[in-house]
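Asks: Need coordinates for the below:
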Amino acid sequence: MDVKLKPIQEQVMVITGASSGIGLVTAKMAACQGACVVLAARNEADLQRAVEEIRAAGGRAVYRVADVSDPDQVERIADTAVREFGRVDSWVNNAAVAIYGRVMEVELRDMRRQFDVIYWGQVHGSRTAVPHLKRQGGALINVASALADRAIPLQGNYCAAKHALKAFTDALRMELEEEGAPVAVTLVKPGSIDTPLFDKAKTCLGVEPQPVPPVYAPEVVAEAILHCAQHATRDIITGGMGKMLSIANDFPRLADKYMEKTTFESQQTDKPVGDRPNNLYEPVAHDGGERGSNWTGRTKSTSLYTKAALHPEVTALAAVGLGVVAVALLGRRVGGGESDARIVDGVGPGAEHKLPSAGQLSTP
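Replies: This is a model prediction of the structure:
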């Protein structure tokens, strides 16, 4: 059935993992556009700070401290939304934690904890949200990763959790559609995003981890989330190189060899970790705000691929433009000249022969 979703200014939106990164940026953006927002995370100080900033800007927001690995605490997030704003129109499952290390070196206890947050946390959120969304219609948005489509080394368990989340989300979507439930179920798959996730990661590498370029701003993902909250969307990859990484599954062994040569080094900085805390089991003193500190390179503020994917009319115009560029390139090559055409967002003329980089790595 066609699910009718409200404009964002009429919505009550719940966002988990909202104390930093993608979740925090999404909450602020939604509130700025008029939504009533319920922020949830483990770090109360950062949640309180975020809500105060939203209210100071004229927005409406409340928070609920919760560890999403506990289903009872997730239920209390919904209770807060209903008590304060009367209902839930969109629910965004976004909480995540990161671990870096070879699969055989990461402790099993840590691997289980990561699954508890990334996979079970979103299962708990989905099972809590769906009964509320069924009442008047709404959107369930699960934030996975481009790594839900393609695994990379040093984040094997993270990739496994995101793969599991993708399967869960796909199955839930089909079941709800079959029964005619008025719930749009979306899987958002961010590429490499500049957030504090890396700064708080538990790592066995001895040095600080980092996202791998091209790196996008969390606003790129937040914009996609808010679009999906208003327009039923099956899934969306944010970041052009995220799409290329997904396409790498068509050439699995070639992609394996490429990643073996590039992604071990590219996920590591040269900064020692020292004894800094991580947030695998407990929140750190400060979740880090919207952007991370480990990444010091260029952060892309927009993704033409994502805009095109969300707006088919733009895709049509882009196709015409690429056709013009292709004709121009062909003319230059026939004439013996060198082409100086640029690849935009990792997708475009000349991009099809390139192997995907690990540019779409961890999410929030």
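Asks: Okay, the closest residue to Asp194 other than its chain neighbours and Pro213: tell me how far apart.
Replies: Nearest non-adjacent residue to Asp194, counting by C-beta to C-beta, 6 or more residues apart in numbering: Thr299, 4.5 Å away. In short, each C-beta sits where N, CA and C put it, glycine included. In this view, Thr299 and Pro213 are 9 Å apart by C-beta to C-beta, to the nearest Å.
Asks: So between the two, which is more surrounded?
Replies: Thr299 (20 against 17; other C-beta atoms under 10 Å).
Asks: quick one: contacts for that one?
Replies: Asp194, Val215, Tyr216, Ala217, Arg291 (C-beta atoms under 8 Å, 6 or more residues apart in numbering).
Asks: 6 Å - rerun?
Replies: Asp194, Val215, Ala217 (C-beta atoms under 6 Å, 6 or more residues apart in numbering).
Asks: Return the backbone torsion pair for the spatially most central residue of the chain.
Replies: Taking C-alpha atoms, centre = their mean as the criterion, Pro190 is the residue nearest the geometric centre of the chain, at 3.9 Å. Torsion angles at Pro190 (phi, psi; degrees, to the nearest 10) stand at phi -70, psi 150.
Asks: for Ala285, same thing?
Replies: phi -60, psi -40.
Asks: Point out where the chain drops to low pLDDT.
Replies: 1, 313-364 (pLDDT under 70).
Asks: Show the residue spans covered by the helices in it.
Replies: 21-32, 44-56, 71-85, 108-115, 121-136, 156-179, 218-230, 240-247, 252-266, 304-310, 312-334 (DSSP state H).
Asks: Who wins on neighbours among the contacts of Thr299?
Replies: Most surrounded of these: other C-beta under 10 Å gives Asp194, at 26 neighbours.
Asks: For it, give me its contacts.
Replies: Contacts of Asp194 by C-beta under 6 Å, 6+ apart are Val215, Arg291, Gly292, Trp295, Thr299.
Asks: List the contacts of Leu310.
Replies: Per C-beta under 6 Å, 6+ apart, neighbours of Leu310: His227.
Asks: what's the spacing between it and Arg298?
Replies: 23 Å.
Asks: likewise Asp199?
Replies: Asp199 is 18 Å from Arg298, by C-beta to C-beta.
Asks: now do the same end-to-end measure for stretch 10-24.
Replies: 20 Å (C-alpha to C-alpha, to the nearest Å).
Asks: got it, and stretch 199-213?
Replies: 16 Å.
Asks: Show me how far it is from its chain's centre.
Replies: Its chain's average C-alpha position is 18 Å from that of stretch 199-213, according to C-alpha atoms, centre = their mean, to the nearest Å.
Asks: List of residues touching it?
Replies: 98-101, 105, 192, 198, 266-269, 271-273, 278-280, 284, 288, 292-295, 297, 358-359, 361.
Asks: which of those residues are buried?
Replies: Taking 16 or more other C-beta atoms under 10 Å as the criterion, what is buried in the contacts of stretch 199-213 is 98-101, 192, 198, 266-268, 273, 278-280, 284, 288, 292, 294-295, 358-359, 361.
Asks: circling back to that earlier point, and the residue nearest to Asp194, bridged to which residues?
Replies: Beta-bridge partners of Thr299, counted by DSSP bridges, are Val215.
Asks: neighbour count winner among Asp199 and Arg298?
Replies: Asp199 (24 against 10).
Asks: tell me the phi and psi of the more buried one?
Replies: phi -70, psi -20.
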